[in-house]
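K.L.:
model this:
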Amino acid sequence: MNRYCSLIIAVISVFAIQLRAQTNSPTDWIDADTGHRVVQLSTEPGSESLYFNLNPFTPDGKRMVITTSNGIALVDLQTRAVEKIIEGRVHIIMVGRQTGKIYIGQAEIIAGVTNRWICRIDPNTKAVEKILKLQRGQEISTVNADETLLGGTFTERSDWGTNNFFSGGPNRRNDLAAQNIYRGKKGAMMEDRLAKRYPMELFFYNLTTGETKSFNRGTDWLGHLQFSPTDPKLLMFCHEGPWHKVDRIWTIRTDGSDLQLIHQRTMVMEIAGHEFFSADGKTIWYDLQTPRGEDFWVAGCEIATGKRTWYHLQRDEWGVHFNVSPDGKLFSSDGGDDKMVAHADHGKWMYLFRPELIDDKSAGNVETKNLIQTGVFRSEKLVNMAKHDYALEPNGMFSPDLKWLIFRSNLSGANQCYAVELAPAKKN
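P.N.:
I've put the predicted structure just below:
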């Protein structure tokens, strides 16, 4: 009987070990479908890399800030060591391009009253400095290239409710069920918010003088603010709402001058959005569809000249967000599921794109100065995202050393931060 019980215990132990092996997902593997190495950068379930157009990197390019289930951390991109920076509910704005300080939004509750602060953290000492107390209706979204200005919006409305903190939408929710609920209601929410026509304006806060200046007051819904990575006096922003109902992409100087619409549609239901700067600040790139859900491009506008370049891609290659490498030679797509605008049957991949311009064979017989330069993307699949739930958008971004594409995913069952190596893994 004792020998029989021992045998049963041994068998159960073997099955338990096998079960743990199946449920503990790998943190470093070669994607069987693409041949590219994937590594998990985060160690805590509920961790995420930042939104695709927010700078997460320290100026030396060696470390990257991420969110965790209860705070923020820094990942050493060379050693993969994870260092907790601060605990508690915070909202990361971005990492300063000059000082490397981490700009965040943080709440402080005193005697039942919630005060909202913009703070910055020294990643080396972990010292937190309060720099701006927000008024109701104020939101800060971006920091300029030399870290002298904060850029944000001020909205006048009486129905904020008691739970308003820092806006972020599904890209900053760690709970997958909440993300799915949000995604299901997002279309109706955007229609409703656009129709509200709340009075709204842009504002800039001077970090040196403490002065606030406001511009572009109106009733358009403003959002997606991004300072140029190189020009401290240039801000890009968008008119939010269903893309087919708005002229979305705009730029303005920090003195309120030179308001410019970056993309003017030429057909009904043409849409453009999820805009981002090139690393050198010379070009604004964006998702362009002519018309919506039918023909797909990544389009660029050179800021100084207005010169336009459009790269064509296939339906399955469309992504929720695109990005460009620091040297401007490569692009990426984070894919999408069949419920999204492209309705791709096989769209759940992380893609690498090599742009290729179409040769001009007009031999000078056609004036091309004001025409769009077109090209195509030559695609390479990096990661099979079949197990990923796109309620969490992957938000791919290139590492500063051009070796990795960093993204967030729930493919293991919990939100984590990953990186895929751009070069295929070497065969043994």
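
K.L.:
Break the chain down into its structural domains.
P.N.:
50-134, 149-159+169-261, 267-428 (automatic domain parsing).

K.L.:
residue ranges with poor pLDDT in the chain?
P.N.:
Counting by pLDDT under 70, the chain shows low-confidence ranges at 1-24, 160-184, 428.

K.L.:
coming back round to it: nearest to V39 among the domains of the chain would be which one?
P.N.:
Minimum separation from V39 across the domains of the chain (C-beta to C-beta) falls at domain 267-428, 5.5 Å. C-beta here means a position set from N, CA and C on the backbone, and glycine is covered the same way.

K.L.:
With adjacent residues omitted, what lies nearest to C238?
P.N.:
H224 (4.1 Å; C-beta to C-beta, 6 or more residues apart in numbering).

K.L.:
Tell me which residues touch that neighbour, please.
P.N.:
141, 236-238, 240, 275 (C-beta atoms under 8 Å, 6 or more residues apart in numbering).

K.L.:
Any idea which of the domains of the chain gets closest to G35?
P.N.:
Comparing the domains of the chain by C-beta to C-beta, domain 267-428 comes nearest, at 4.6 Å.

K.L.:
Out of the domains of the chain, which gets nearest to S42?
P.N.:
domain 267-428 (4.0 Å).

K.L.:
Please tabulate the domains of the chain in JSON lines, including the columns distance to E44.
P.N.:
Shown next, in JSON lines, are the domains of the chain (distance: least, C-beta to C-beta, whole Å):
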{"stretch": "domain 50-134", "distance to E44": "5"}
{"stretch": "domain 149-159+169-261", "distance to E44": "10"}
{"stretch": "domain 267-428", "distance to E44": "8"}
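
K.L.:
Could you find the closest non-adjacent residue to T212?
P.N.:
Y205 (5.2 Å).

K.L.:
quick one, helices of this structure?
P.N.:
2-23, 176-196 (DSSP state H).

K.L.:
who wins for proximity to A32 among the domains of the chain?
P.N.:
Once the domains of the chain are compared by C-beta to C-beta, domain 267-428 is nearest, at 7.7 Å.

K.L.:
Off-centre distance for the closest one?
P.N.:
In terms of C-alpha atoms, centre = their mean, to the nearest Å, the centre of domain 267-428 is found 13 Å from the chain centre.

K.L.:
please begin residue numbering at 55 from this point
P.N.:
Sure thing, new numbering starts at 55, so read that last one as domain 321-482.

K.L.:
Need the CA coordinates for the longest strand along the chain. PDB is fine.
P.N.:
The longest strand of the chain (DSSP state E) is strand 427-438. Output of strand 427-438 as PDB, limited to C-alpha atoms (Å, rounded to 0.1, in the frame of the first residue of the first chain):
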ATOM      1  CA  GLN A 427       6.100  60.800 -54.300                       C
ATOM      2  CA  THR A 428       4.800  57.200 -53.900                       C
ATOM      3  CA  GLY A 429       6.400  54.100 -52.800                       C
ATOM      4  CA  VAL A 430       5.800  50.600 -51.300                       C
ATOM      5  CA  PHE A 431       6.700  48.800 -48.200                       C
ATOM      6  CA  ARG A 432       8.600  45.500 -48.500                       C
ATOM      7  CA  SER A 433       7.300  43.600 -45.400                       C
ATOM      8  CA  GLU A 434       8.900  41.100 -43.000                       C
ATOM      9  CA  LYS A 435       6.900  39.400 -40.200                       C
ATOM     10  CA  LEU A 436       8.600  39.700 -36.800                       C
ATOM     11  CA  VAL A 437       6.200  38.200 -34.300                       C
ATOM     12  CA  ASN A 438       3.100  36.000 -34.600                       C
END
